[in-house]
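>>> 3D model of this:
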Amino acid sequence: MRLTRFTDLALRVLMRLAVEETDLPTTRDVAAAMQVPYTHTAKVVARLQHLGLVEARRGRGGGLALTAAGRDASVGGVVRELEGAGDVVECEGTTPCPLRSACVLRGALRRAQEAFFKALDPLTVGDLVAAPTGPLLLGISGGAGGAVRPAP
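Model prediction:
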């Protein structure tokens, strides 16, 4: 199974916010630090906000912050929510597969997909940024301004 770019970016945004200790980066700061388009990052942040994982504060001193629910969120749960409940293969599309009524592969792929999610379930966003990842992430993403900090 392969994650969509949207889910990949969402996980990276959550990780970036999980290591932020003082400054509240803006969506533009996060996009620049991750070298991804601002518009795509803004859509991801809006979805994460809707899920209650990220808080966006407006105005002077505003920015993005990970909520407590975001830090404790199961990675498997986040991925399930963002990827949706769709099948790995499309059997019922515009040209339905002629094997769909007796196919063993569809069920096997569904079980494999669930095993993929289950493997991610025990991990939290906080776990993703434990050492050595968190310090490395801080070193490459920098503070709220997106400047790269030298590695310690």
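
>>> T133: neighbouring residues, count only.
When neighbours are defined as other C-beta atoms under 10 Å, T133 has 14 of them. For every residue, glycine as well, the C-beta is placed using N, CA and C.

>>> now for A42: which residues touch it?
Going by C-beta atoms under 8 Å, 6 or more residues apart in numbering, A42 touches T27, A31.

>>> what's the nearest residue to Q49 if we skip its chain neighbours?
Nearest residue to Q49 in three dimensions, chain neighbours excluded: A56, at 5.6 Å (C-beta to C-beta, 6 or more residues apart in numbering).

>>> so what's the one you found bridging to?
L64 (DSSP bridges).

>>> quick check: pLDDT value at it.
pLDDT recorded at A56 is 91.

>>> now do G145
42.

>>> A102 now?
What the model reports for A102 is a pLDDT of 86.

>>> list the buried residues of stretch 104-123.
Residues R106, L109, Q113, F116, F117 are the ones in stretch 104-123 that count as buried (16 or more other C-beta atoms under 10 Å).

>>> now tell me what touches it from outside.
1, 74-77, 79-80, 87-89, 91, 99-100.

>>> just the C-alphas of whatever helix or strand L48 lives in, formatted as CSV.
Assigned by DSSP states H and E, L48 belongs to helix 38-50. Below are the C-alpha coordinates for helix 38-50, written out as CSV (Å, rounded to 0.1, in the frame of the first residue of the first chain):
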residue,chain,number,x,y,z
TYR,A,38,1.8,26.6,0.4
THR,A,39,-1.7,25.8,-1.1
HIS,A,40,-1.2,22.1,-0.6
THR,A,41,0.0,22.6,3.0
ALA,A,42,-3.0,24.9,3.7
LYS,A,43,-5.4,22.2,2.6
VAL,A,44,-3.6,19.7,4.8
VAL,A,45,-3.6,22.1,7.8
ALA,A,46,-7.4,22.8,7.3
ARG,A,47,-8.1,19.0,7.4
LEU,A,48,-5.9,18.4,10.5
GLN,A,49,-7.7,21.4,12.2
HIS,A,50,-11.1,19.8,11.3
